[in-house]
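Trainee: Got a predicted structure plus its sequence, pasted below:
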Amino acid sequence: MALTEPAPAAPTVAHAGLLRRQTPRETSARTYARSLPVVPVRARGLTIEGADGRRYLDCLSGAGTLALGHNHPVVLEAIRKVLDSGAPLHVPDLATPVKDAFTAELLATLPAGFAAGARVRFCGPTAADAVGSALALARAATGRDGALTFTGTDHDAWTAELFDARGGPAAPAAMLLEPVQDEGGVIPAPDAWLRGMRRITADRSIPLIVDETRTGVGRTGAFWAVEHSGITPDAMVMSQAIGGSLPLAVIVHHADLDAPLPDGRTDAFRGNQLAMAAGAATLAYVRQHRLAERAAHLGAHLRGQLAELTAHHPRVGAVRGRGLMIGVELVAPAAGDPAPSAPALAATVQQECLRRGLIVGLGGREASVVRLLPPLTLTDEQADAVLDRFADALDAALATAELPAPREEAAARRGATAGPRRKETGPPR
């Protein structure tokens, strides 16, 4: 399915009919389906073939789940091997050859200082399951309650003062942070800031939990995003790409936190053998083919090319990210620091991208950041195609964008200069 391959003569499925039936049947909480009216019927690597006969370059990658893109041969082979073996597909907590291979490969990818003596805890298959289990684990180990987390604030916290021995709230059970806020607007935490958070938590015996559900498996240009700063957390939460496109989530934590939960709670779906096989194959492929380094190199190229847009388009407020996790923030034509976000323009850019066969996501303040999460197998040719289509879509969106009325523009200026920075938000995970 090369970029230049012609589309089939006729759709294989009734595209319009599927979309029409989906709308009244599904909840309004759907996010991607509302903004991306695509009916995928086949996919390989970066490319999706829709029921309408069109081909799309998928820079959403299942919200970052598809580290190797769609239907990578090593993933399909690993899944078929389990299916053909007659092995059970679900056996929670029991030792299996598939689980052993996945655990060994996972530990082999971790920083040496963290992997030594680490424990792997399987949980429910979603990122939310893993975060909830990690926090419950920290509460059980410390005997404390509460957790310190971060919304979308600038990474120049005030954090040490919260635990001043002369007053302030009691130390929490854990601190939870993302090395890069993905749906929060693709905001990387500075390495020095992360090292500061590690010192603060270590000095106060507060377990530091790093959420690597979006940033892991080479996405940011290192196998795990914590490697950029060199910190060693007490626990890492992993999901998304570690299942090789299938649902899987685990917590890797320091042995000191190893304890049963007080309520005896377990998650039923924590033994997905197909996901473990696909995940082990993905982890091994990324490691053996040095795809993290490839993501660092190609991501820097993409961000550099996209950053040039800021010189020509004042409504491109920032281009940021790490590796192949890239965000392009769009702003309104009004004064202020930060400039008011432009969610309508971002939505228009997304639709113009779709018209040109490019699938992108949205996130950040009021969904004003266009997110690019291409697979780590992205080629130079594909990267150039993505850049060309995005730049063309941005030009088209800006050409049709309407400037706000004077009264609205004045209100936008007032909103931008008054009060603290607004919370970063994005669609639910």
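Mentor: Sure thing, it's come through.
Trainee: Give the rounded mean pLDDT of stretch 129-143.
Mentor: Per-residue pLDDT over stretch 129-143 has a mean of 92.
Trainee: How about stretch 394-413?
Mentor: The pLDDT scores in stretch 394-413 average 63.
Trainee: repeat for stretch 76-86
Mentor: Stretch 76-86 comes out at a mean pLDDT of 97.
Trainee: Would you indicate which residues of it are buried?
Mentor: A78, I79, V82 (16 or more other Cβ atoms under 10 Å). Placement of C-beta: from N, CA and C, glycine included.
Trainee: do the same with stretch 121-129
Mentor: Applying 16+ other Cβ under 10 Å to stretch 121-129 flags R121, F122, C123, G124, P125, T126, A127, A128, D129 as buried.
Trainee: Where does the prediction get shaky in the stretch 51-200 of the chain?
Mentor: For the stretch 51-200 of the chain, applying pLDDT under 70 flags the ranges 152-157, 159-168.
Trainee: ok, now with 90
Mentor: 51-53, 63, 92-93, 112-113, 116-117, 145-146, 149-171, 183 (pLDDT under 90).
Trainee: mind listing the strands for it?
Mentor: Here the stretch 51-200 of the chain has its strands, by DSSP state E, counting those that start in this stretch, at 55-58, 119-122, 147-148, 174-177, 180-181, 187-188.
Trainee: So which of the ones you listed is nearest F269?
Mentor: Taking Cβ to Cβ, strand 119-122 is the member of the strands of the stretch 51-200 of the chain nearest to F269, at 9.5 Å.
Trainee: which other helices and strands contact that closest one?
Mentor: Helices and strands touching strand 119-122, as assessed by 3 or more Cβ pairs under 8 Å, 6 or more residues apart in numbering; DSSP states H and E, comprise helix 97-109, strand 250-253.
Trainee: Single out the most deeply packed of those.
Mentor: Compared across the helices and strands packed on strand 119-122, strand 250-253 shows the largest average neighbour count, a mean of 24 (mean count of other Cβ atoms under 10 Å).
Trainee: For that strand, which outside residues touch it?
Mentor: Here strand 250-253 makes contact (Cβ atoms under 8 Å, 6 or more residues apart in numbering) with 106-107, 110, 114, 118-123, 130, 133-134, 137, 234-239, 242.
Trainee: residues in contact with A67?
Mentor: Under the criterion of Cβ under 8 Å, 6+ apart, the neighbours of A67 are S61, V217, G218, R219, A241, G244, T282, V286, L291, P375, L376.
Trainee: Near the fourth one, how many residues? Count them for me, please.
Mentor: Spelled out, that is R219. 32 (other Cβ atoms under 10 Å).
Trainee: Surely it touches M325?
Mentor: Yes. Under the criterion of Cβ atoms under 8 Å, R219 makes contact with M325 at 5.4 Å.
Trainee: what is in contact with the two at once?
Mentor: With Cβ under 8 Å, 6+ apart as the test, R219 and M325 both reach G64, L373.
Trainee: So Q22: helix, strand or coil?
Mentor: Here Q22 is helix, with the state taken from DSSP: H, G, I helix; E, B strand; the rest coil.
Trainee: how far away is E381 from G243?
Mentor: 28 Å (Cβ to Cβ, to the nearest Å).
Trainee: So the two - more neighbours on which side?
Mentor: With neighbours defined as other Cβ under 10 Å, E381 and G243 compare such that G243 has more, 26 against 11.
Trainee: picking up where we left off before, nearest to D182 among the buried residues of stretch 121-129?
Mentor: Ranked by distance to D182 (Cβ to Cβ), the buried residues of stretch 121-129 are led by A127 at 10.6 Å.
Trainee: who touches that closest one in this structure?
Mentor: Counting by Cβ under 8 Å, 6+ apart, A127 makes contact with D211, T213, R214, V237, S239, Q240, A249, R429.
Trainee: Restricted to buried residues, select those in PyMOL.
Mentor: Of these, the buried ones can be selected in PyMOL as follows, counting by 16+ other Cβ under 10 Å:
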select buried, resi 211+213+214+237+239+240+249
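Trainee: Okay, and which of the contacts of A127 map to strands?
Mentor: D211, V237 (DSSP state E).
Trainee: For the contacts of A127, give me CSV that also has distance to A334 and pLDDT.
Mentor: CSV is the format used below for these (distance: Cβ to Cβ, whole Å; pLDDT from 0 to 100):
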residue, distance to A334, pLDDT
D211, 33, 96
T213, 35, 95
R214, 31, 94
V237, 38, 96
S239, 38, 95
Q240, 36, 93
A249, 41, 95
R429, 31, 34
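Trainee: Looking at the contacts of A127, spot the one nearest M197.
Mentor: The closest of those, once distances to M197 are taken by Cβ to Cβ, is D211, at 12.8 Å.
Trainee: in the sheet, who's paired with the closest one?
Mentor: Under DSSP bridges, the beta-bridge partners of D211 are V237.
Trainee: Verify the contact between it and E178 for me.
Mentor: Yes. When contacts are counted by Cβ under 8 Å, D211 is listed as touching E178 (4.7 Å).
Trainee: returning to what we had before: Throw the helices and strands packed on strand 119-122 into CSV and include distance to G361, thanks.
Mentor: CSV is the format used below for the helices and strands packed on strand 119-122 (distance: least, Cβ to Cβ, whole Å):
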stretch, distance to G361
helix 97-109, 26
strand 250-253, 25
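Trainee: Leaving out sequence neighbours, find the closest residue to P40.
Mentor: Sequence neighbours aside, I48 is the residue nearest to P40 in space, at 4.9 Å (criterion: Cβ to Cβ, 6 or more residues apart in numbering).
Trainee: Among the contacts of A67, find me the one that's closest to I187.
Mentor: Of these, the one sitting nearest to I187 (Cβ to Cβ) turns out to be R219, at 14.6 Å.
Trainee: what sits against that closest one?
Mentor: So R219 contacts G64, A67, A225, A241, A295, G323, L324, M325, L373, L376 (Cβ under 8 Å, 6+ apart).
Trainee: is it true that the first one touches G216?
Mentor: Going back to what we said before, that points to G64. No. Using Cβ under 8 Å, G64 is not in contact with G216, being 9.2 Å away.
Trainee: What distance do you get for L372 to L362?
Mentor: Distance from L372 to L362, by Cβ to Cβ: 11 Å.
Trainee: and T103, what does it touch?
Mentor: Applying Cβ under 8 Å, 6+ apart to T103 gives the contacts V120.
Trainee: list residues touching both of D211 and E178?
Mentor: Residues touching both D211 and E178 (Cβ under 8 Å, 6+ apart): none.
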